[in-house]
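Student: compute the structure for the input listed below.
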Amino acid sequence: MDYLDLLKNADRVAITRLRQENEERLRQNKKGFLRFREPYQAVTTLPRAHWVDFSGDTVRIGAAAELSPRQHATLLAAMRAFMPWRKGPFNLFGLEIDAEWQSFRKWNRLLPQLPDLRDKVVADIGCNNGYYMFRMLPQQPRCVIGLEPMLQHYYCGKALRHLAGAESLHIECLGVEHAPLFASCFDVVFLMGIIYHRTSPVEMLRDIRQAMRPGGVLILESQAIPGEEPVALFPAERYAKVPGTYFVPTASCLVNWLTRTGFSEVEAFASHPMSGEEQRQTEWMTFESYSDFIDPADPARTVEGYPAPLRVFVKAVNPG
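Tutor: Numbers count the residues shown, from 1 in each chain. Model (predicted):
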């Protein structure tokens, strides 16, 4: 089933056109496309799992005995091609994938404030490889739609969806800028680790609210700086070595952004410092990670001299 059949207010013509344009673009036999398309295609030759478990810290898809040695080799090669793995962990037919982020820690922090997902239409904007989408499935949502414009994560998420046989998960090669195409469509929206990468965070929040149904709930998680004042850091060039970081708010600033864009019942419900235990280099993510972004002489500062980041969680409601 096409999930658009559930979204009566979506701009079906525009979304269909974007899908067609994406299909044409992704069919190109250029190295940048083949790099992730070919591993995905290899995964589609593998059988879907007979057994899955999305209830624990590790997303588990399939048992080792379900694949032959040759199929295990195909799986391993494909999963290595999707490196670096940012979100996880996963266990795929016995193959342990230890991602850079121990993403279950974030999930466990938001669980006490998780809205009722049963029979709801949910969006995960910037869904990466779909780790959080899989974690939503035990709550029995009607469908979960992930928007992910990066080809590495898009194809990895599609590969995992195939292996799991997760028909209620859908991944589109779209970004947050396409939210206006989904007017009044979503009961719940997850926006985690995205807002500080946008040059216009307030405009983005307005677009997201318009994509939500009246009474819909937003779960937003963001990098943040310490402090009580409603201010945001705008780094000169990079923040924690990341060039695509723009506004890094305090928790009160984030609450003000949401309130002034029309959300109600805005509540910052969790805040914690980042650490090298939660985000770190692994066999599946061999590049620099959190410990490389922090001043070794002062862990309260980034290598650029800015305040070291917190992670802040906020819940808000679209009043309609």
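
Student: helices of the stretch 1-150 of the chain, start to end?
Tutor: Along the stretch 1-150 of the chain, counting by DSSP state H, counting those that start in this stretch, helices occupy 12-26, 31-43, 69-81, 103-110, 131-136.

Student: out of those, which gets nearest to Pro273?
Tutor: The minimum distance between Pro273 and these falls on helix 103-110, with 12.3 Å, by Cβ to Cβ. Bear in mind the C-beta positions are built from the backbone N, C-alpha and C, glycine included.

Student: quick one: mean pLDDT for the closest one?
Tutor: The average pLDDT for helix 103-110 rounds to 97.

Student: same for it, what does it pack against?
Tutor: helix 131-136, strand 212-224, strand 264-273, strand 310-317 (3 or more Cβ pairs under 8 Å, 6 or more residues apart in numbering; DSSP states H and E).

Student: buried deepest among those, which one?
Tutor: Of all these, helix 131-136 has the most neighbours on average by mean count of other Cβ atoms under 10 Å, namely a mean of 25.

Student: so how far is that helix off the chain centroid?
Tutor: 9 Å (Cα atoms, centre = their mean, to the nearest Å).

Student: what's that helix in contact with?
Tutor: 54, 59, 87-88, 90, 99, 103-104, 107, 117, 122, 124, 127, 144, 146, 157, 160, 164, 166, 169, 190, 192 (Cβ atoms under 8 Å, 6 or more residues apart in numbering).

Student: now do 6 Å
Tutor: 54, 59, 87-88, 103, 107, 117, 124, 127, 144, 146, 169 (Cβ atoms under 6 Å, 6 or more residues apart in numbering).

Student: same check on stretch 98-114?
Tutor: So stretch 98-114 is contacted by 57, 85-89, 131, 135, 219, 269-270, 278-279, 282, 284-285, 289, 313, 315 (Cβ under 6 Å, 6+ apart).

Student: go with 8 Å
Tutor: Counting by Cβ under 8 Å, 6+ apart, 56-58, 84-90, 131-132, 135, 139, 192, 219, 221, 267, 269-270, 272, 277-285, 289, 311, 313, 315 sit against stretch 98-114.

Student: tell me the pLDDT at the residue nearest to Phe36 when sequence neighbours are not counted?
Tutor: Nearest non-adjacent residue to Phe36, counting by Cβ to Cβ, 6 or more residues apart in numbering: Tyr155, 4.1 Å away. Note for Tyr155: predicted pLDDT of 98.

Student: and the closest residue to Glu267 other than its chain neighbours, how far from Pro115?
Tutor: Nearest residue to Glu267 in three dimensions, chain neighbours excluded: Lys315, at 5.2 Å (Cβ to Cβ, 6+ apart). Separation of Lys315 from Pro115 (Cβ to Cβ, to the nearest Å): 8 Å.

Student: overlap in contacts, those two.
Tutor: 217, 219.

Student: how far off centre is stretch 192-205?
Tutor: With Cα atoms, centre = their mean, you get 14 Å for stretch 192-205.

Student: next, the buried residues of that stretch.
Tutor: 192-198, 201, 204-205 (16 or more other Cβ atoms under 10 Å).

Student: and the residues you listed, which two are the farthest apart?
Tutor: Gly193 and Leu205 (15.1 Å).

Student: quickly note the distance from Arg161 to Lys106.
Tutor: Where Lys106 is concerned, Arg161 sits at a distance of 21 Å (Cβ to Cβ).

Student: now swap in Phe247 and tell me
Tutor: Phe247 is 20 Å from Lys106, by Cβ to Cβ.
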